[in-house]
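Enquirer: Sequence first, then the predicted structure:
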Amino acid sequence: MDIYSCLKRPSRMVDNKRMRTTSNFQWLFSTFILLYLMNQVNSQKKGSLHDLKCITSDLQVWDCSWKASSEAGRDAAYEFCIENRSHSCYQLKKTNVKIPALPPGDHEITIHSPHDFESFTSKFILNEKNVSLIPDTPEILNLSADFSTSTLYLKWNDKGSVFPRHLNVIWEIKILRKQSMELVKLVTHNTTLNGKDTVHHWSWVSDMPLECAVHYVGIRCYIDSLHFFGRKVWSDWSPLKNIFWTPVSQLHVFPQDRVILVGSDMIFCCVSQEKVSTALVGGTNAPFIHLDGENVAIKIYNISASASSGTNIVFSTQSNVDGAVVFAGYPPDIPQKLNCETHDLKEIICTWDPGRSTSLVGERNTNYTLYESFSGKHVRFQRVEAPMNESYQLFFQMLPNQEIYNFTLNARNPLGRSESTILVNITERVSPHTPVSFKVKDINSTAVMLSWHLSGNFTKISLLCQIEINKTNSVQESRNVTIKGVENSNYLVAVGKLNPYTVYTFRIRCTTETFWKWSKWSNKKQHVTTEASPSKGPDTWREWSSDGKNLIIYWKPLPNNEANGKILSYNVSYSSDEETQSLSEIPDPQHKTEIRLEKNDYIISVVAKNSAGSSPPSKIASMEIPNDDLKIEQAVGRGKGIVLTWHYDPNMTCDYVIKWCNSSRSKPCLMDWRKVSSNSTETVIESDQFRPGVRYNFFLYGCKNQGYQLLRSIIGYIEELAPNVAPNFTVEDTSADSILVKWEDIPVEELRGFLRGYLFYFEKGERDTSKMRGLESSGRSDVKVKNITDISQKTLRIADLQGKTSYHLVLRAYTDGGMGPEKSMFVVTKENSVGLIIAILIPVAVAVIVGVVTSILCYRKREWIKETFYPDIPNPENCKALQFQKSVCEGSSGLKTLEMNPCTPNNVEVLETRSTFPKIEDTEIISPVAERPEDGCDAEPENHVVVSYCPPIIEEEIPNPAADEAGGTSQVIYIDVQSMYQPQAKPEEEQENDPVGGAGYKPQMHLHINSTVEDTAGEDDLDKTAGYRPQASVNTWNLVSPDSPRSTDSNSEVVSFGSPCSINSRQFLIPPKDEDSPKSNGGGWSFTNFFQNKPND
């Protein structure tokens, strides 16, 4: 194969031109291989030796063997020679030989085999690399089992004495289970050969109880020699050994009461001679794992922590039930926070935190043992069920003359163990017991003696004790004292620098000078020191009464640290160069008195007294030096106080006094005072009585030898606020264009700050319609604002207003603290008479001018106006073409005639005449024209209507053959008005009965006469009564224009539009004014109606 590879590799480099020679080359190579194989066959047939192999098991002896030809018999002899070595030939009767191990390198081996007819000789090259290291098969010395822990114990001998040097050995161990020999575990175990036989031990814990099935164990080895370069081979497997358990009852469950780690997997099995029906794990069914025979097993995965009673495992058959209990928990944690200390140097107390709960109780719980390595002593923890995560403690008795201890705390339970160590010098870890029997005793008014008891043997060390001193309304004070330690004794300490007549609270704790921990505090002890004389006199001030005759003396009660006891009374005296007088003692609750003095140059002295003595006197001069340059200043506080400053004055020999009071209080004004040293130039006045928005008066006095001088007078606020009320304002005067407003000052109590000005708002508006809201930020253009910064101004005139107008006025005051509330008022300005006059005169003047201009235009255009609006209409009275008999008019009061004015027609033509009266439905005509009775007619005025009418002059003649009755030479031409405006046609029967009704407009048409007239008048009088009448009744006149809707929509049979039309102008006749004339009943308007309704025509 190597030859083929060597020949094939160059063939891959040829190019495409040489590829055609490949087939020839392959043919030659195949021929060569065939010849080689034939040669090998011929050589074996000739009896040559081959396949020399050597192995070793101990690296000292090689066992070499070879194969002979088939021609060699059983009695064949061999000579095995190793070249280049003396005595290296071996005469053999078999095909193997054991030779000492050869050194590294190639060795030539010659094997000669003589035969009857010929001999065969074969030569081999032998190298250590061709030798295989195959260890002897190991032998198991013992296989045992611990069924309670399911552990197998294996023991075997490595036979290390046969090997010349130290070697590493790898052992491979296999565990088989059940009769079917299922491989369960295959593990390796490493050892070292040390030149002698060594027995090795190995154990394995089975996941399945050993009682459940038979277990087999086998072993083999592999020698890993770094100095052997041959092939290393595993040894053969040892003979298997097994472990099995013989059942003692028909049903048994394994394991029993096992403690396992939480999260583990565990197998439980049931050894039974009958079939198992169910398996329950805490009430839950589990699937079976079938073993040999009727034996079964179950596997629980990731088991959780058990309750204190464990988890039950129950197997059942048809006739029996058995089970086991498993406890799942944790191994003990490493003890945390291990600490060892002593309280009394007699007993050591070690405490620790057990850490996580193991979930195991009872006999499976964790056991603790404290071991001291220097002394070799140990103590066991006496378990007391304590709450979880609470510290445990052990007591260890101290050993004489031993200060350093090395402690190891061991923790153990069925799942594991842990430990923690600590090295301590116990004299440096002392935490004394709590001091007891703590007492306080007076030494004097400023010192007391403390005593307490402390148990323990502290003779070899010193104690450091801390005394805590608490005083009412004072900072807590601590004092440390060092005391020489004694054994079980009382300790005394004197505490000085205390205040007389003061309530103190004492307590104490102790430790050692090396300091490890303080002891707990002792019980508190309250004590009042004894009284002493007051250390200072009262703080004193004086004020002259308002009449200047009496001097009022004020003094402040002494603070406790100066009174040194309970003040019982005060002694006040006054003196001058001439005399000294003392008043009777004033009891303590009273802190002022009044003295009547004739002059103001006295020295006042005040002394405070308690049960231990009197205080030094406090003196103050009664004289007050005047100051003519005094000005009242303003100031505003910062924070909770107000800062006052002044210039340094070397003339002030004693001190400064700042007095303050509420401005609203009556004089003499005094709330409090403060004294400041003479070298100061500023101070901050603070008081719990100060309130924001309240004005205070501050007075700065300077003290000289002869008295006090007022240097500054200041009014101020701790904090300014907005005014509490609005200014009260009234309207003093109003006019047509202005309003005068006057307001009053805001009281100081309500001002709550320094007044900075007023804001005055005004706008137009009624009381119920004004919407002046949000005045500060409204930004409305209709609201006018005036900012009055002159606080002395109390009036304001608002000008440029409108007359007879309602205005809304609002006034507000403001300080630096904000804007105050508003006060509003509604005011109406007076009427402006000049404006009213102007408002009247201007329209009148405009009307006059328009009338004059109109009159002028009408006068200049009168002809055009007359022709356009009032054309000339002929008067029918002037026309004598028709003459009516007077008797006709006299015959009937209801007869209506047409009064004709004299006129001279140029031609009159009568179109038709009738012998009988025409029938006209409406005989009573109410004309809108004025009544005009005809001469010689006795008819009633209200029943006689005269209509002026003048026919037009017509140049064209119209022939008429029936003109024999008219008489006269003039022609009369009748114009049919209905030819202009056709009325609604009547029915045929009416046309037959009233032939005249359908004719056109004919002035001389016969009129219908009432029944009374018909009875009295004969036919001879018909011609007399046939006067001039309109063709239609006046009641049917419609005063609307002909083209109006009412005219065209009317249903009347004969409709006349307006008054009768003029023949000449074809315009409606304009009737004269008459109260009884009909009114227009048309709602429309037309050009004709315009002229018709003229009132004065």
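Expert: Looks like it came in fine.

Enquirer: neighbours of the closest residue to residue 202 other than its chain neighbours, just the number please.
Expert: Nearest residue to residue 202 in three dimensions, chain neighbours excluded: residue 154, at 4.6 Å (C-beta to C-beta, 6 or more residues apart in numbering). Where C-beta positions appear, they are placed from N, C-alpha and C, glycine not excepted. Neighbouring residues of residue 154 were enumerated by other C-beta atoms under 10 Å; the total is 21.

Enquirer: need the contact list for residue 154.
Expert: Contacts of residue 154 were listed using C-beta atoms under 8 Å, 6 or more residues apart in numbering, and they are 140, 142, 143, 173, 201, 202, 203, 204, 217, 219.

Enquirer: what's the helix or strand for it?
Expert: Assigned by DSSP states H and E, residue 154 belongs to strand 151-157.

Enquirer: That strand pairs with which strands, parallel or anti?
Expert: Here strand 151-157 is paired, per DSSP bridges, with strand 140-146 (antiparallel), strand 199-205 (antiparallel).

Enquirer: could I get the ones you listed as JSON lines with distance to residue 858, mean pLDDT and mean neighbour count?
Expert: Formatted as JSON lines, these follow (distance: least, C-beta to C-beta, whole Å; pLDDT from 0 to 100; neighbours: other C-beta atoms under 10 Å):
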{"stretch": "strand 140-146", "distance to residue 858": "151", "mean pLDDT": "92", "mean neighbour count": "15"}
{"stretch": "strand 199-205", "distance to residue 858": "143", "mean pLDDT": "92", "mean neighbour count": "13"}
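
Enquirer: now those as a markdown table including distance to residue 680?
Expert: Shown next, in a markdown table, are these (distance: least, C-beta to C-beta, whole Å):
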| stretch | distance to residue 680 |
| --- | --- |
| strand 140-146 | 97 |
| strand 199-205 | 92 |
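
Enquirer: Name the next helix or strand downstream of the longest helix anywhere in the chain, please.
Expert: Secondary structure of the chain per DSSP state H: the longest helix is helix 833-860. Remark: after helix 833-860, the chain's next helix or strand is helix 862-869, criterion DSSP H and E.

Enquirer: and that following helix, what does it pack onto?
Expert: Where contact means 3 or more C-beta pairs under 8 Å, 6 or more residues apart in numbering; DSSP states H and E, helix 862-869 is not packed against any helix or strand.

Enquirer: Distance from the chain centre to that helix, please.
Expert: Its chain's average C-alpha position is 91 Å from that of helix 862-869, according to C-alpha atoms, centre = their mean, to the nearest Å.

Enquirer: Please work out how many residues are found near residue 820.
Expert: Residue 820 is flanked by 26 other residues according to other C-beta under 10 Å.

Enquirer: Let the chain start at 394 from now.
Expert: Taking 394 as the first residue, the last one we looked at is residue 1213.

Enquirer: Now it: closest residue in space that isn't a chain neighbour?
Expert: residue 1116 (3.0 Å).

Enquirer: next one: residue 913
Expert: Distances taken as C-beta to C-beta, 6+ apart place residue 827 nearest to residue 913, at 4.2 Å, with adjacent residues excluded.

Enquirer: thinking again about what came up before, export the contacts of residue 547 to JSON lines and tack on distance to residue 712?
Expert: Compiled in JSON lines, these are given as follows (distance: C-beta to C-beta, whole Å):
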{"residue": "533", "distance to residue 712": "41"}
{"residue": "535", "distance to residue 712": "39"}
{"residue": "536", "distance to residue 712": "35"}
{"residue": "566", "distance to residue 712": "41"}
{"residue": "594", "distance to residue 712": "43"}
{"residue": "595", "distance to residue 712": "42"}
{"residue": "596", "distance to residue 712": "38"}
{"residue": "597", "distance to residue 712": "36"}
{"residue": "610", "distance to residue 712": "36"}
{"residue": "612", "distance to residue 712": "43"}
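
Enquirer: quick check, nearest of those residues to residue 724?
Expert: Residue 724 lies nearest to residue 596 out of those, by C-beta to C-beta, at 19.7 Å.

Enquirer: how far away is the closest one from residue 545?
Expert: 6 Å (C-beta to C-beta, to the nearest Å).

Enquirer: cool, residue 1268 as well?
Expert: Distance, residue 1268 to residue 545, by C-beta to C-beta: 165 Å.

Enquirer: So for those two, which residue has more residues nearby?
Expert: residue 545 (22 against 15).

Enquirer: Can I get the strand or helix carrying residue 515 as PDB, trimmed to CA atoms?
Expert: Using DSSP H and E, residue 515 sits in strand 513-519. Listed next in PDB are the C-alpha coordinates belonging to strand 513-519 (Å, rounded to 0.1, in the frame of the first residue of the first chain):
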ATOM      1  CA  PHE A 513      14.900 -22.600   6.500                       C
ATOM      2  CA  THR A 514      16.300 -19.400   7.900                       C
ATOM      3  CA  SER A 515      14.400 -16.200   8.500                       C
ATOM      4  CA  LYS A 516      15.700 -12.800   9.600                       C
ATOM      5  CA  PHE A 517      13.700 -10.100  11.300                       C
ATOM      6  CA  ILE A 518      14.400  -6.600  12.600                       C
ATOM      7  CA  LEU A 519      13.200  -6.300  16.200                       C
END
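
Enquirer: Which residues belonging to it are considered buried?
Expert: Using 16 or more other C-beta atoms under 10 Å as the test for burial, strand 513-519 gives 513, 515, 517, 519.

Enquirer: And stretch 700-712, by the same measure?
Expert: Residues of stretch 700-712 classed as buried: 703, 704, 706, 707, 708, 709, 710 (neighbour count, 16+ other C-beta under 10 Å).

Enquirer: same check, this time on stretch 967-978
Expert: Result for stretch 967-978 [16+ other C-beta under 10 Å]: buried residues residue 967.

Enquirer: ditto for stretch 948-960
Expert: By 16+ other C-beta under 10 Å, the buried positions in stretch 948-960 come out as 948, 951, 953, 955, 956, 957, 958, 960.

Enquirer: before we move on, what about stretch 848-857?
Expert: Within stretch 848-857, the residues scored as buried using 16+ other C-beta under 10 Å are 848, 849, 851, 854, 856, 857.

Enquirer: distance between the ends of that stretch?
Expert: By C-alpha to C-alpha, to the nearest Å, the extent of stretch 848-857 from end to end equals 15 Å.
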